[in-house]
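Novice: next input, structure requested:
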Amino acid sequence: MIGFSLVDWSIIIVYLIATMAAGLAMRRYVGRVEDFILAGRGMDVYLGVASLAATEFGIITAMYTAELGYKNGFAGATPGILMAAAMLVVGLTGFVIKPLRDSGAYTIPELLDRRFGPRVRWLAGLVIVLGGVLNMGVFFRAGGEFLVIMTGIPPGYLEVTMTLLVILVLIYTVLGGMISVLVTDYLQFLVMGIGLVAVSLLVTAQVGWEQVVSTVEREHGPGGFNPLTSEGMGPAYVAWQALNQLAVVVTWQTVIQRVLSARDSRTARRVYTRTSFYFVGRFLIPAFWGMAALAVLGAEHPPSASLQAMPTFLASLLPSGLVGLVIAAMLAAEMSTDSSYLLTWSSILYNDLICSVRKEPFSEKSGLRLNRCIVLGIAGFLLLYGLWYQPPGRVWDYLSITANIYLSSIFVLLVACCYWKGARAAGGIGAIVGGALPPLAFLLLSQVELPAVEGIHPFILLSTAAQWLSRSEVSGLLSFAFAAGGMILGSWLARRREGKQLA
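Specialist: Down below sits the predicted model:
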């Protein structure tokens, strides 16, 4: 490592002071639960673009996309291209997001309640919180590892680093809610953009584009450029990612939070169209850093530590001063992501799991207090979860499959809610249960060793099914298939029962 100097510390401290001051200054504008959760529904296009871009790029984003570049070359940017395409199409057509914003609902489950009833709302809220919190479970550890490697802090202080990071985010999120998140996101978007551009220019100058391309070609062959032939990808993987990215842009609650916070559906659609191409860069830039790390570190870096390759490479490349700017940019990215995610899952827990079963509504004061306590509770759980859980395989696959716990079912539910008159509550319950089963099976099977079974064996079919389910793309595609099947079958049975009752 070149060295972490006083200049670097000064840049980081100035940034942190500015962010905390901006976030805390927004506390005085929070007087209602709607202010805390949706910033009073006053978000305009420019603030929405900056906030969405900042929220969807954290240290974890840089880490997993760099890992994809390290392991799969340019093909690792495929999810970003698919997401950009999905967001552009949804923004242009208003698919799902227009009726969702026009409904005036606080959350997706609240809209589902109006069509399918309170049981579907509660179950939808449950799988959203479960999938979202498990998805976020690796954020703090990845952020801590990046900071430890980049600053040279001894690895034994990883837990302390993670805790401090969480505390900083909690201070302004708990006090200022969504208003603080939107304002700090704007500042963090500016710092993050400067850092990303500066590092990319330096990496290109020091390593060279040609060396990166030749390394990808040598190490990965044609699969380094074609996701259909890339190791660990293939047609099934690309199909799963295409479905996932479409589901993300219409159901991922941190993204939808911007739709619900927008002034109207037209503003929400413009935020989508103007942010769409950002997601190509969101994946391609850190993936390029990962490919550059492969070119420089090569065989010296153990393949098992592919997630740490990018920060190890940057720590040895960046000069004093730029290290501080990069860490400030990554802190900006991480704080905007963590604050928004914590607020998102807490709002679902409050609005759809607690308030939906309570006979008397909370007062504004009590509701604000409870929301803040929920944010603190989720952060505490995630801090502990991140200390011991190690995701299997590529981090991106873990994030995709945990998101599938609710992405597939809520996607099917929303589409049916908005566009299918024949959908029934029984179908909604079937979609939720069916969509959650394959991802949960994957998470369970990824933690156990499956014995090799040869020849005729009474459990040969069970073992083969388990091996298939332990592949992320299989579990992901089955999640969408089971959710759609559950919706169609449940709705058909319910309508059949209705017909018999009328007869």
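Novice: and G91, how far is that from Q253?
Specialist: Distance of G91 to Q253, computed by C-beta to C-beta, to the nearest Å: 18 Å. Just so you know, the C-beta spots here come from the backbone N, C-alpha and C atoms, and that holds for glycine as well.
Novice: oops, could you answer that again for L168 instead?
Specialist: Shown here: L168 relative to Q253, a distance of 23 Å by C-beta to C-beta.
Novice: repeat for V280
Specialist: 23 Å.
Novice: equivalent analysis for R263, please.
Specialist: The value you get for R263 to Q253, if C-beta to C-beta is used, is 20 Å.
Novice: more crowded one of these two?
Specialist: Q253 (23 against 14; other C-beta atoms under 10 Å).
Novice: how about the strands in the stretch 351-500 of the chain?
Specialist: For the stretch 351-500 of the chain, strands defined by DSSP state E, counting those that start in this stretch do not occur.
Novice: quick one: low-confidence parts of it?
Specialist: Residue ranges of the stretch 351-500 of the chain with pLDDT under 70: 387-393, 446-470.
Novice: which residues in it form helices?
Specialist: Here the stretch 351-500 of the chain has its helices, by DSSP state H, counting those that start in this stretch, at 364-388, 395-419, 425-445, 460-469, 472-502.
Novice: deepest of the ones you listed, which one?
Specialist: The highest mean neighbour count among the helices of the stretch 351-500 of the chain, using mean count of other C-beta atoms under 10 Å, belongs to helix 395-419: a mean of 25.
Novice: could you report the pLDDT at the residue nearest to Y278 when sequence neighbours are not counted?
Specialist: Closest residue to Y278 apart from its sequence neighbours, by C-beta to C-beta, 6 or more residues apart in numbering: A53 at 5.2 Å. Listed pLDDT for A53 reads 71.
Novice: now for the helix or strand that contains A53, which elements pack on it?
Specialist: Using DSSP states H and E, A53 sits in helix 45-55. Judged by 3 or more C-beta pairs under 8 Å, 6 or more residues apart in numbering; DSSP states H and E, helix 45-55 is in contact with helix 158-207, helix 253-261, helix 265-275, helix 278-297, helix 322-348.
Novice: minimum distance to F95: which of those has it?
Specialist: With C-beta to C-beta as the criterion, F95 lies closest to helix 265-275 of these, at 9.7 Å.
Novice: what does the closest one contact?
Specialist: By C-beta atoms under 8 Å, 6 or more residues apart in numbering, the residues outside helix 265-275 that reach it are 43-45, 48-49, 52-53, 87-88, 90-92, 94, 97-98, 101-102, 249, 258-259, 262.
Novice: quick check: buried residues in it?
Specialist: Residues of helix 265-275 classed as buried by neighbour count (16 or more other C-beta atoms under 10 Å): S265, T267, A268, R269, R270, V271, Y272, T273, R274, T275.
Novice: and R218, how many neighbours does it have?
Specialist: Residues near R218, counting by other C-beta under 10 Å: 11.
Novice: ugh, wrong one, I meant I153
Specialist: I153 is flanked by 15 other residues according to other C-beta under 10 Å.
Novice: double-check that it belongs to a strand.
Specialist: No - counting by DSSP: H, G, I helix; E, B strand; the rest coil, I153 falls outside a strand, being coil.
Novice: identify the residue spatially nearest to it, adjacent ones excluded.
Specialist: Leaving aside its sequence neighbours, I153 sits nearest to T161 (C-beta to C-beta, 6+ apart; 6.3 Å).
Novice: hmm, E334 is touching L165, no?
Specialist: Yes - using C-beta atoms under 8 Å, E334 makes contact with L165 at a distance of 6.7 Å.
Novice: these two: who's more crowded?
Specialist: Per other C-beta under 10 Å, whichever of E334 and L165 has more neighbours is E334, with 28 against 21.
Novice: for the more buried one, give me its contacts.
Specialist: Neighbours of E334 in contact, by C-beta under 8 Å, 6+ apart: G58, I59, I60, F139, G143, L165, V169.
Novice: which two of these have the greatest separation?
Specialist: Greatest spatial distance among these (C-beta to C-beta): I60 and V169, at 13.2 Å.
Novice: which one's more surrounded, those two?
Specialist: The neighbour comparison of I60 against V169 (other C-beta under 10 Å) goes to V169, with 28 against 25.
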